[in-house]
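Engineer: how would this look folded up:
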Amino acid sequence: MNLILLGAQGSGKGTQSALLAQRFGLDPCASGDLLREAMAKGTPAGQQARPYYERGDLVPDELMVGMILERLRGLSDARGIILDGFPRNHAQADVLDARLAEMGQSIARAIYLEVPRALLLERLSGRYICRAHGHVYNIETNPPKTPGICDIDSSELYQRSDDTGEKIQHRLDIFFSETLQLTDYYARQGKLVTVDGTQSIADVNHAILAKLGAA
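Structural biologist: Residues are numbered from 1 along each chain as shown. Below is the predicted model of the structure:
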């Protein structure tokens, strides 16, 4: 089973990806982490992507899909992957579908975490991440037990530079003008699952499981 999580930054994709991975035995696959891992391991797609990454250019769609396929081929115990951050538009979704079909695989469901823009702004401005392993906290909705310290590995929490001011607005502009169109793409395929992302973490997860028939 391969899943896609759709949602703007601050919608809770990373948290739900981890919960769904544990529930279904899937491999969480955030696009940025995937790219850095492929380059670090020196995989064929990672080697081809490195020059684009080092120049600060966008990595071509085919290379990003190539890294996803490399991850799928390398799975051992995981039953599939959960994609977060890719695809971002129709063209990427088309390439992904075509290449997965060549492997006899497909996307089972695309889960859209629907959160109003005003709440996303509030969440992102209060988001903090641990330096050691990227665990995510929010001072309003999911605060650490000790301020400034990760509950899991006791590392320092920090705020990303793009979680402030105009950079947040720009990232949300891109999502609502481009990536949100993917909801129509997967709805036409009968694969879209829409969940109210304004609920608590537990309630969002329960709603996802219910709509996947696994609650």
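Engineer: need the strands for the protein, in chain order.
Structural biologist: With DSSP state E as the criterion, the chain has strands at 3-6, 27-30, 81-84, 109-114, 127-130, 136-138, 157-158, 192-196.
Engineer: What is the end-to-end distance of stretch 3-17?
Structural biologist: The straight-line separation of the ends of stretch 3-17 (Cα to Cα, to the nearest Å) is 9 Å.
Engineer: and if you look at stretch 149-164?
Structural biologist: Taking Cα to Cα, stretch 149-164 runs 20 Å from one end to the other.
Engineer: Give the buried residues for that stretch.
Structural biologist: 150, 157, 163 (16 or more other Cβ atoms under 10 Å). All C-beta spots, glycine's among them, are computed from the backbone N, C-alpha and C.
Engineer: circling back: can I get the strands of the chain in CSV with distance to residue 204?
Structural biologist: Output for the strands of the chain, formatted as CSV (distance: least, Cβ to Cβ, whole Å):
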stretch, distance to residue 204
strand 3-6, 11
strand 27-30, 16
strand 81-84, 15
strand 109-114, 7
strand 127-130, 16
strand 136-138, 13
strand 157-158, 22
strand 192-196, 6
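Engineer: which of these is buried the deepest?
Structural biologist: Comparing the strands of the chain by mean neighbour count (mean count of other Cβ atoms under 10 Å), strand 3-6 comes out on top with a mean of 26.
Engineer: Residues contacting that one, please?
Structural biologist: 13, 16-17, 20, 26, 80-84, 87, 107-113, 179-180, 182-183, 186 (Cβ atoms under 8 Å, 6 or more residues apart in numbering).
Engineer: now do 7 Å
Structural biologist: 13, 16-17, 20, 26, 82-84, 107-113, 182-183 (Cβ atoms under 7 Å, 6 or more residues apart in numbering).
Engineer: ok, now stretch 40-57?
Structural biologist: Under Cβ under 7 Å, 6+ apart, the answer for stretch 40-57 is 35, 38-39, 58-59, 63, 66-67, 70.
Engineer: Need the buried ones from the residues you listed selected in ChimeraX.
Structural biologist: Filtering the contacts of stretch 40-57 down to the buried ones (16+ other Cβ under 10 Å) takes a single ChimeraX command:
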select :35,38,39,59,63,66,67,70
